[in-house]
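J.: Model the structure of this input:
(chains A and B, ligands or ions: 1)
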Amino acid sequence: MTALNELYQQVILDHNKAPRNFRKMEDATKRVEGYNPLCGDHFTVYVKVDGDRIVDVSFEGAGCAISKASASVMSAMVKSRTVAEAEELFGEFHRLVKGELQGEEEIERLGKLAAFAGVSEFPARVKCASLAWHTLHAALSSSEQSVSTE
Amino acid sequence: MTPSDTDTVTEQFRKMVSIAGCRHQFPLLRQYVNGKPLVYFDNAATSQKPQAVIDAMMRYYQESNSNIHRGVHSLSERATQSYEEVRHKVRAFLNARDHREIVFVRGATEAINLVAHSFGRLALREGDEILISGMEHHSNIVPWQILCEERHARLHVIPITDAGELDLEAFPALLTERTRILAITHVSNALGTVNPIKQLIAQAHAKGIPVLVDGAQAVPHMHVDVQDLDCDFYAFSAHKMFGPTGVGVLYAKSRWLEEMPPYQGGGDMIKSVTFEKTIYNDPPYKFEAGTPNIGGCIGLGAALDYLRELNMDAIRRFEDDLLAYATARILTVPGVRIIGTAREKAGVLSFVMEGIHPHDIGTVLDVEGVAIRTGHHCAQPVVQRFGLPATARASFAFYNTKEEVDAFIKALHKAREVLG
Ligand SMILES: Cc1ncc(COP(=O)(O)O)c(C=O)c1O
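T.: From the prediction side, this is the model:
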């Protein structure tokens, strides 16, 4: 596979074309906006947290295929996990796109997230891939209303 | 056809040929990126430098480096002379009346900030207005916003049409008795639109309003004559016109430079300093505090020599042809929409592709060796005007070729293939 096909895997193209949980959430407990000023990506992430469990996640906005697919996959992956589990997954994802995970096994363990492994070959795109995650992190951890990748 | 017509046609043809042959004088262009021959289409961000510019700067540092306007020694005199010669070259390049109307700055951004700060202090009172356009680069928006905030003045904006041209019908009413300056771009970096600035300047002057022209995207592509335009200020950066980064020019009519207070204080901008009173130097030195970018100025001088040799009118014709070719070719790519379809354009082809985000286009093109810019091009309001978060932008210089356009088009097809 070429680096390009590795980057734009079918999973990513699918989620870009038909993003999951792509909607506004009226009864969200938290809503945070994330920007990537460099390329104009702009998403709003909604979460509904009950105790320490994420009951629902959704997002809206516009961005490149990588950022949109990442938001979509993220929303599907973290739903019904605990806050701590979601944060741990973010850590793993971050290491994945920075190319810090070693070996197939470690990568495969990430399930659908593994589709983003190709991002590590494109340093300029790491911010796109992690925008939604940074935004979710802000929603889960702080009182901030907006985050920026810059 | 008279004999003299034949002569000019022959001469023009010779110039066109020499432009086509100049590519090898740009060493950076001779490289592979991601295993593909580099196609550099990001000239609006910054241009590449000919060997002559690189050599001139190296020679300066190897043979003449010294501080200017201060030493009695020979090196300093030589450096001062070289530096001041560039001022004369810029005067000739812009056809300014006097070399003392040329102020060296860091770039277009600093030139505009200088005017906003200094002319702004001189001219702006509470309730006054500043007029800009809807297609300005952030550097011709933000300094005026800062000034307006300080002075409790208002910023007004000339709207733009769907084609990306200024709305000339809305324009006259925006020139009011409170308007203190019109600050407008000559060529839009996001759309490529060439504005009819001579006409705008005349209309503003009829109401006694001075005009600053942001020429950053004009000087690499066309002949500029500041006396003919009759602008009050003209700003540009050397790095977009084949010179080095870190140096630029503010042209200003003498009467303004006389009246305007200094921008920064320091060495070189004074005649005498005591703790009681400082006497400022005469323009342009009044506006050149501190040791300037001497090496950069020398590089700018070499770029001006280079452009004079090629001839700006010949460059314009060559690039018009290239842009027309690229425009026709890109329209054959399914789902492409050009953003900015003004009747007169220079150097820029902004576009979007249905269903593909510009950033993804940029990545695929980069893998194919084609360098373009994606995003809002530091002109967010223009891109928003078209209801877009971003565009992809190919921008050209005279060293680009139709073969490169072909490679670019092929890469766009590839983007469609990869991204569906
Ligand atoms: C139209 C326009 N004005 C001003 C600037 C600012 O130039 P610089 O960053 O060199 O100061 C640019 C650069 O992109 C530009 O395109």
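
J.: hey, let's count contacts and neighbours off CA atoms from now on
T.: Noted.

J.: A:S75 is in what secondary structure piece?
T.: A:S75 is part of helix A:65-78, with elements assigned from DSSP states H and E.

J.: what packs against that helix?
T.: On a contact count with 3 or more C-alpha pairs under 8 Å, 6 or more residues apart in numbering or on different chains; DSSP states H and E, helix A:65-78 meets helix A:10-17, strand A:53-62, helix A:126-141.

J.: and if we set it to 10 Å?
T.: helix A:10-17, strand A:41-50, strand A:53-62, helix A:83-97, helix A:126-141, helix B:358-367 (3 or more C-alpha pairs under 10 Å, 6 or more residues apart in numbering or on different chains; DSSP states H and E).

J.: Mind listing residues that contact the shortest one?
T.: The set of residues that contact helix A:10-17 without belonging to it, under C-alpha atoms under 10 Å, 6 or more residues apart in numbering or on different chains, is A:7-8, A:18-20, A:63-73, A:112-116, B:355-356, B:418-420.

J.: just to revisit the earlier point, and the helix holding A:S75 with helix A:10-17, angle?
T.: On the basis of axes from the mean of the first three to the mean of the last three C-alpha atoms, to 10 degrees, helix A:65-78 is oriented at 100 degrees to helix A:10-17.

J.: Extract the CA atoms of helix A:65-78 and return them as PDB.
T.: In PDB, the C-alpha atoms belonging to helix A:65-78 read as follows (Å, rounded to 0.1, in the frame of the first residue of the first chain):
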ATOM      1  CA  ALA A  65     -11.500  13.900   5.800                       C
ATOM      2  CA  ILE A  66      -9.000  13.100   8.500                       C
ATOM      3  CA  SER A  67     -10.500  15.300  11.200                       C
ATOM      4  CA  LYS A  68     -14.100  14.400  10.300                       C
ATOM      5  CA  ALA A  69     -13.500  10.700  10.200                       C
ATOM      6  CA  SER A  70     -11.500  10.900  13.500                       C
ATOM      7  CA  ALA A  71     -14.400  12.700  15.200                       C
ATOM      8  CA  SER A  72     -16.800  10.100  13.800                       C
ATOM      9  CA  VAL A  73     -14.800   7.100  14.900                       C
ATOM     10  CA  MET A  74     -14.100   8.700  18.300                       C
ATOM     11  CA  SER A  75     -17.800   9.300  18.900                       C
ATOM     12  CA  ALA A  76     -18.500   5.600  18.200                       C
ATOM     13  CA  MET A  77     -15.600   4.400  20.300                       C
ATOM     14  CA  VAL A  78     -16.100   6.300  23.500                       C
END
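
J.: quick one: average confidence on stretch A:121-128?
T.: Across stretch A:121-128, pLDDT averages out at 92.

J.: List the buried residues in that stretch.
T.: By neighbour count on 16 or more other C-alpha atoms under 10 Å in any protein chain shown, the buried set for stretch A:121-128 is A:E121, A:F122, A:R125, A:V126, A:K127, A:C128.

J.: Quick one: name the residues of chain A near chain B.
T.: Contacts of chain A with chain B, taken as C-alpha under 10 Å from any C-alpha of the partner chain, map to A:3-5, A:7-10, A:12-13, A:16-17, A:37-42, A:62-66, A:122, A:124-125, A:128.

J.: ok, B:I146 - contacts?
T.: B:I146 makes contacts with B:N113, B:A116, B:H117, B:H152, B:A153, as judged by C-alpha under 10 Å, 6+ apart.

J.: pLDDT score for the fourth one?
T.: Pointing back at B:H152 there. 97.

J.: what angle do the helix holding A:S75 and strand A:53-62 make?
T.: Going by the same axes, to 10 degrees, helix A:65-78 makes 160 degrees with strand A:53-62.

J.: Next, the angle strand A:41-50 makes with helix A:65-78.
T.: For helix A:65-78 against strand A:41-50, the angle between stretch directions is 0 degrees (the same axes, to 10 degrees).

J.: how far off helix B:358-367 does helix A:65-78 point, in degrees?
T.: Calculated by the same axes, to 10 degrees, helix A:65-78 forms an angle of 120 degrees with helix B:358-367.

J.: Closest approach to chain A from the stretch 151-300 of chain B, which residue is it?
T.: Minimum separation of the stretch 151-300 of chain B from chain A (C-alpha to the nearest C-alpha) falls at B:A190, amounting to 14.0 Å.

J.: Make JSON lines out of the helices and strands packed on helix A:65-78 and add distance to B:I146.
T.: Converted to JSON lines, these look like this (distance: least, C-alpha to C-alpha, whole Å):
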{"stretch": "helix A:10-17", "distance to B:I146": "40"}
{"stretch": "strand A:41-50", "distance to B:I146": "26"}
{"stretch": "strand A:53-62", "distance to B:I146": "30"}
{"stretch": "helix A:83-97", "distance to B:I146": "38"}
{"stretch": "helix A:126-141", "distance to B:I146": "30"}
{"stretch": "helix B:358-367", "distance to B:I146": "31"}
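
J.: how about the ones you listed, which one is nearest the ligand?
T.: Nearest of the helices and strands packed on helix A:65-78 to the ligand, taken as C-alpha to the nearest ligand atom: helix B:358-367 at 18.0 Å.

J.: Packing partners of the closest one?
T.: Checked by 3+ C-alpha pairs under 10 Å, 6+ apart, helix B:358-367 has helix A:3-7, helix A:65-78, strand B:348-353, strand B:370-371, strand B:373-375, strand B:391-395, helix B:402-419 packed alongside it.

J.: what's the distance between stretch A:114-122 and the middle of its chain?
T.: 13 Å (C-alpha atoms, centre = their mean, to the nearest Å).
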